[in-house]
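Engineer: take a look and give me a structure for this.
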Amino acid sequence: MTGFLIIGIVGLAIVLVSLILGDILSGVFDALDVDFGGGVFSAPVVGSFLAAFGFGAALSMTAAGLGASESALAGLGGGIVVGGIALLLTRSLMDMPTTATQRADDLVGVRGTVITDIPAGGLGEIQASIHGTTQKISARADAAVPAGRVVEIVAMVSSTSAVVRPVDTDAAPREDRDANGDAR
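Structural biologist: Residues are numbered from 1 along each chain as shown. Here you go, the predicted structure:
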C-alpha cells in the first residue's frame, strides 16, 4: 500500500507543479517526444492519472480489503477515468478560439464620441467601440471639438492616444463600408 501512496503523491505533485510552473514542466514532457495523442503525455494528464491510480489503489486496498493486484486494477480504472477527464479538459483549453490581438493601427478609421472636450492644440477624450469593447482614448484634433460630437480616428500617436477629426454623422462608418470603401 505504501508504494501506491507514493505513486499518488508523485502524481499529485506533478499536477501541482504543472499548475505553478506550467510551461516549464510541459517543456520537460515535450522533450521526451513521445506524445502521439495530442496531449496524452502532458503534465496535467500524466499527473492526474498517477494520482488517481495511486490513491485509488491504496483506497481499494484499505476500504475494500482487496489484494495488491486487484487494487492495482481498480487504481488503473480510476487513473484512466481521471486521466481521460484531464485530457479532455486540457484539449478543450488548448483548442479554445481566441480573438486577434488588437494593434493601435487597427483603430485608424474607427469612429467614436467625444466625452471630454478636445481643445485646440490640447488633449480630450473619446469613447469608441473596438471589437465589441468600449475604450476611452486620449484624443487631439486640429480644431476644438465639443463633447458629444462624433469623430473618426485618423492616426494613432500611441496605443492610448489618437489624432481625430469631426465627421458628418450622415456618412457610413468604416464598419459599414464594403471592400472598395463605398457605403453599403
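
Engineer: which helices and strands does the helix or strand hosting residue 3 pack with?
Structural biologist: Using DSSP states H and E, residue 3 sits in helix 2-20. Counting contacts by 3 or more Cβ pairs under 8 Å, 6 or more residues apart in numbering; DSSP states H and E, helix 2-20 is packed against helix 22-31, helix 43-63, helix 68-94. In short, each C-beta sits where N, CA and C put it, glycine included.

Engineer: could you say which of these is packed most deeply?
Structural biologist: helix 43-63 (a mean of 22; mean count of other Cβ atoms under 10 Å).

Engineer: for the chain, what helix or strand is lowest in average pLDDT?
Structural biologist: Every helix and strand in the chain was compared by mean pLDDT, DSSP states H and E; the lowest is helix 22-31, with a mean of 60.

Engineer: please name the nearest non-neighbouring residue to residue 42.
Structural biologist: Excluding the flanking residues, the one nearest residue 42 by Cβ to Cβ, 6 or more residues apart in numbering is residue 90, at 5.7 Å.

Engineer: closest one to residue 107 among the helices and strands packed on helix 2-20?
Structural biologist: With Cβ to Cβ, the closest approach to residue 107 among the helices and strands packed on helix 2-20 belongs to helix 68-94: 30.1 Å.

Engineer: in TSV, list the helices and strands packed on helix 2-20 along with distance to residue 14.
Structural biologist: Converted to TSV, those look like this (distance: least, Cβ to Cβ, whole Å):
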stretch	distance to residue 14
helix 22-31	7
helix 43-63	3
helix 68-94	11
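
Engineer: could you chop this structure up by domain?
Structural biologist: Split into domains by automatic domain parsing, the chain comes to 2-94, 104-176.

Engineer: which stretch in the ones you listed is the model least sure about?
Structural biologist: Mean pLDDT is lowest for domain 2-94 among those, at a mean of 81.

Engineer: quick check: which of the helices and strands packed on helix 2-20 is nearest to residue 6?
Structural biologist: Between residue 6 and these, the tightest spacing by Cβ to Cβ is seen for helix 43-63, at 7.0 Å.

Engineer: I'd like the distance between the closest residue to residue 87 other than its chain neighbours and residue 60.
Structural biologist: Closest residue to residue 87 apart from its sequence neighbours, by Cβ to Cβ, 6+ apart: residue 45 at 4.9 Å. Residue 45 is 22 Å from residue 60, where distance means Cβ to Cβ, to the nearest Å.
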